[in-house]
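A.B. asks: Okay, sequence plus prediction incoming.
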Amino acid sequence: MTISGKINTLIWVIAVGATTLLTIFIGEREYHYQRDEISREVVTAIAGMPQLQLALYFNDKTAISQNLSQLMTLSPALRRVRLFDATGEEVGERSAPWSEGEGKPSFESLRGEAGPLQTTGAVRRADVTPPNQLLLTIASLGERVNHITRPISSVINPFETGVTGESFGLALSERDSARSLYVIGYLDIEMSSVLLRYQTLGTVASSAAIGLLVILFSAFVISLITRRITAPLGRLAKVADDIASGKMVEKVDESSAGDLAEIARVLNGIIAGLNTYKSQMDVDHQLLSMKVEERTEQLSKRNAELNKAVKEVTETKDRLRQMAYFDSLTALPNRRLFAEQLSLLLRMARRNKQPLALLFLDLDNFKRINDSLGHSAGDQLLQEVAHRLSGCVRESDVVAHYVDSESRIDVSRLGGDEFTVVLNQIDKPESAALVAQRLLDSLTTPMNIDGHEIIVTPSIGIAVAPDDGGDTEGLLKAADTAMYHAKKQGKNNYLFYDSAMGAAGVERLRLETDLRRAIERGQMVLHYQPQVDTHTGNIIGAEALMRWEHPEQGLIPPYKFIPIAEEIGLISQLGNWGLNEACRQLAEFQARGLELSRVSVNLSALQISPMLVSDVESALAQSGLDASALELELTEGIMMDGSQDTVVTLQSLKNIGVRLSIDDFGTGYSSLSYLTRFPLDELKIDRSFVMDIGKSQRNANLVAAIIAMANSLNLELVAEGVETGSQYQFLTEHGAAIIQGYLFSKPVPADALIPMLKERSFDDQIRQLNRGVAFAQR
Ligand SMILES: Nc1nc2c(ncn2[C@@H]2O[C@H](COP(=O)(O)O[C@H]3[C@@H](O)[C@H](n4cnc5c(=O)[nH]c(N)nc54)O[C@@H]3COP(=O)(O)O)[C@@H](O)[C@H]2O)c(=O)[nH]1
């Protein structure tokens with residue numbers, strides 16, 4: 001509430017209170033006035049009623065009644081009038097109809113001490129009698145009743161006897177009759193307070209109305225004044241309220257007088273301070289909002305990036321796990337998962353003392369299908385096989401195949417066409433035979449691959465732990481051995497492992513199988529051994545020598561696998577790969593500007609066929625290599641064959657432009673006629689002769705003769721297997737200019753050859769070697 005409002009309210013309360021009190025006061029006064037007025041009127045009326053004295057003296061009831069009735073008409077507030085004689089005895093009464101029957105107080109209570117002194121004979125003198133006596137009584141219904149008793153004076157002593165009506169009248173008419181000396185009786189007037197107040201209503205109402213008007217007027221005037229006084233204060237209070245509620249407020253007028261101006265100045269100071277503070281706050285808030293927005297944006301960006309990274313990491317992890325543990329083609333567990341989980345299963349089997357069977361399955365003739373229908377068909381076939389194998393292994397066969405939540409290894413693919421089936425916790429080994437038969441039956445059902453109806457037969461080896469092997473490696477080897485024996489026995493078969501089965505033959509068989517897949521698995525590599533021109537110190541050529549990077553056995557040398565490849569009919573494929581790879585590599589070296597003019601590739605006798613020519617042409621065409629940069633090393637065996645086909649083939653090769661070299665010259669064959677029959681370019685002295693140079697003069701002479709023969713036949717000569725300075729000295733002294741051997745370098749991978757492919761890279765070494773020759777000659 002505003003200050004003026006508060007002041008106005010206070011004034012209103014005071015004014016209304018004062019008016020109410022005043023009205024009550026006026027009402028009370030009017031009430032008493034009315035009562036006294038009636039009393040006075042009665043006194044006046046009595047004074048004007050000498051007949052009442054007569055009636056009293058003579059106790060004339062009728063006259064008394066008439067007089068009392070007359071008195072009752074004086075005021076509507078009169079309830080009753082009662083008349084007493086001088087002794088206080090009631091002699092008459094008149095009542096208003098509504099008060100008839102009401103109780104009446106005794107004369108003594110009405111007059112109290114003011115009553116007659118005695119009841120007989122004594123005269124109360126009017127001039128010493130208390131004039132009026134007031135008594136309040138409560139009538140029925142709680143109404144307050146005013147009793148006023150008045151003595152009635154008379155000129156006749158009421159106790160005087162013998163007074164006649166005439167003498168009484170005479171006394172009244174005498175000159176002094178107005179001086180009433182004796183109290184002849186008493187009159188009690190009863191007045192209703194309710195009616196008396198009713199009579200005052202008009203006066204009270206009008207005074208209340210006037211009071212109200214005065215209040216209204218005063219309130220109006222006062223409110224105008226207070227408003228005028230408090231308006232500046234109110235404005236300041238509102239400003240203070242606005243400040244308190246944080247509103248932006250204008251400066252206040254300081255022109256008011258006195259304290260208000262001081263308050264206004266203080267408020268303006270506060271407003272100025274607040275405005276500065278608020279502006280600062282606004283700027284800070286804006287900056288903060290911008291910062292928060294920026295940070296929120298950065299955070300959500302970071303969050304998104306983080307989520308993305310987490311997702312990518314999870315995906316990568318899943319992918320890596322999938323790649324690390326599952327075969328990408330069939331989605332079956334791969335060798336790694338198989339090995340890890342089998343080792344766990346074996347431990348469990350040992351603990352539970354229950355046998356575990358491992359079925360090793362290899363498809364018969366898969367390579368043939370792969371070669372004839374292509375890799376895509378081969379892949380489809382493997383997928384179908386995986387599907388069928390998984391379908392064959394029922395829950396009942398593998399009681400607990402979940403080693404962990406997602407590694408089910410009942411069927412795994414170890415690689416190529418090799419699969420394994422683990423039968424965990426079997427009741428007896430024979431149960432494995434039932435599953436093996438089921439696998440055979442399932443796989444031999446024809447399958448449709450690329451529109452071809454194909455029947456695949458597997459060979460299955462079964463090994464049972466712990467009897468056939470207690471660990472993964474042992475059990476796998478046993479199952480593998482059993483599988484090869486099954487294959488040997490005619491394929492499409494299963495066999496339990498038997499300790500009598502020879503492991504050596506199995507080893508060879510395994511190598512054969514692995515070799516068949518070595519090319520497609522990218523396990524074959526070529527190493528290069530430089531052939532050094534001792535006149536220039538340059539590498540004039542390099543012999544490509546094949547190596548097999550076996551995943552389990554490491555780097556396998558050619559003497560271990562070339563004969564197997566020849567035996568199992570794989571040499572053409574292998575040789576062809578070597579031919580293409582050597583051409584591709586040299587072409588790449590030359591493209592990079594490296595100093596290497598030719599590469600020599602070994603040919604197996606079994607490669608010599610009309611097909612070879614087109615293979616060579618194709619290798620040259622694909623690599624873009626010049627034919628003269630390719631040298632083919634032929635063994636003496638090829639030359640000795642002497643068939644027309646071989647001659648034609650070699651002639652055709654020569655016609656293309658490739659160089660032909662006779663390798664291992666002098667090893668076992670006596671006929672030298674082929675040297676002139678074939679279009680040869682080079683002759684390589686076998687390293688066995690070189691090694692033997694220092695052993696006997698005969699050997700040395702033989703080497704010298706071979707060199708001389710090559711020179712006379714105009715064949716380039718390469719001495720291979722040169723390991724020592726003395727061998728070098730002997731060879732170079734006798735005219736061998738091109739040296740190949742550990743003395744300069746062992747066969748090395750292509751990357752390692754590169755640093756040697758620069759001009760005169762062996763110059764220093766040769767100079768040193770030559771110095772050694774000169775020193776020896778001295
Ligand atoms: N049909 C194919 N046959 C090939 C191919 N690659 C190799 N071969 C045949 O394997 C034979 C053995 O080759 P390798 O084990 O690589 O041995 C070669 C050299 O390492 C070795 N040599 C060379 N210098 C020395 C030496 O100073 N000391 C030493 N102890 N050995 C040395 O000689 C082999 C090269 O001989 P050659 O081929 O006669 O030049 C190999 O002889 C081939 O028959 C192939 O791709 N296809």
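C.D. replies: Now that the structure is in, tell me what you want to look at.
A.B. asks: what are the pairing partners of the worst-scoring helix or strand of the chain on mean pLDDT, and which direction each?
C.D. replies: The weakest-scoring helix or strand in the chain, judged by mean pLDDT, DSSP states H and E, is strand 133-138 (a mean of 74). Using DSSP bridges, the strands paired with strand 133-138 are strand 144-154 (antiparallel).
A.B. asks: measure Ser614 to Ala209 for me?
C.D. replies: Taking C-beta to C-beta, to the nearest Å as the measure, Ser614 falls 141 Å from Ala209. No exception for glycine: its C-beta is placed from N, CA and C like everyone else's.
A.B. asks: got it, and Thr316?
C.D. replies: Per C-beta to C-beta, Thr316 is found 101 Å from Ala209.
A.B. asks: can I get the CA coordinates of the least confident helix or strand of the chain in PDB?
C.D. replies: Written as PDB, here are the backbone C-alpha positions of strand 133-138 (Å, rounded to 0.1, in the frame of the first residue of the first chain):
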ATOM      1  CA  GLN A 133     -36.000   9.900  41.900                       C
ATOM      2  CA  LEU A 134     -34.700   7.800  39.000                       C
ATOM      3  CA  LEU A 135     -34.800   4.100  39.000                       C
ATOM      4  CA  LEU A 136     -33.800   1.700  36.200                       C
ATOM      5  CA  THR A 137     -35.500  -1.700  36.100                       C
ATOM      6  CA  ILE A 138     -35.500  -4.500  33.600                       C
END
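A.B. asks: Stretch 465-476: how far from the chain's middle?
C.D. replies: 48 Å (C-alpha atoms, centre = their mean, to the nearest Å).
A.B. asks: Find the nearest non-adjacent residue to Leu135, please.
C.D. replies: His147 (4.1 Å; C-beta to C-beta, 6 or more residues apart in numbering).
A.B. asks: so where's the stretch 601-750 of the chain uncertain?
C.D. replies: Scanning the stretch 601-750 of the chain for pLDDT under 70 picks out 641-642, 668-671.
A.B. asks: Close to the ligand: what parts of it are there?
C.D. replies: Neighbours of the ligand within the stretch 601-750 of the chain, by C-beta under 6 Å from any ligand atom: 602-604, 633, 663-664, 684, 687, 720-723, 740-742, 747.
A.B. asks: Next: the chain.
C.D. replies: 529, 543, 545-546, 557-559, 562, 575, 578, 602-604, 633, 663-664, 684, 687, 720-723, 740-742, 747.
A.B. asks: Please put the alpha-carbon coordinates of the host helix or strand of Arg438 into PDB.
C.D. replies: Assigned by DSSP states H and E, Arg438 belongs to helix 430-444. Extracted in PDB, the C-alpha atoms of helix 430-444 (Å, rounded to 0.1, in the frame of the first residue of the first chain):
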ATOM      1  CA  GLU A 430      32.700 -94.600 -32.400                       C
ATOM      2  CA  SER A 431      30.300 -91.700 -32.200                       C
ATOM      3  CA  ALA A 432      32.800 -89.700 -34.200                       C
ATOM      4  CA  ALA A 433      32.500 -92.200 -37.000                       C
ATOM      5  CA  LEU A 434      28.800 -91.600 -37.300                       C
ATOM      6  CA  VAL A 435      29.400 -87.800 -37.700                       C
ATOM      7  CA  ALA A 436      32.100 -88.500 -40.200                       C
ATOM      8  CA  GLN A 437      29.800 -90.600 -42.300                       C
ATOM      9  CA  ARG A 438      27.200 -87.900 -42.000                       C
ATOM     10  CA  LEU A 439      29.700 -85.400 -43.300                       C
ATOM     11  CA  LEU A 440      30.600 -87.700 -46.200                       C
ATOM     12  CA  ASP A 441      27.000 -88.200 -47.100                       C
ATOM     13  CA  SER A 442      26.200 -84.500 -47.000                       C
ATOM     14  CA  LEU A 443      29.100 -83.400 -49.100                       C
ATOM     15  CA  THR A 444      28.700 -86.100 -51.700                       C
END
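A.B. asks: Can you give the distance from it to the centre of its chain?
C.D. replies: 51 Å.
A.B. asks: for stretch 14-24, same thing?
C.D. replies: That offset, for stretch 14-24, works out to 76 Å (C-alpha atoms, centre = their mean).
A.B. asks: same deal with stretch 729-741?
C.D. replies: 77 Å.
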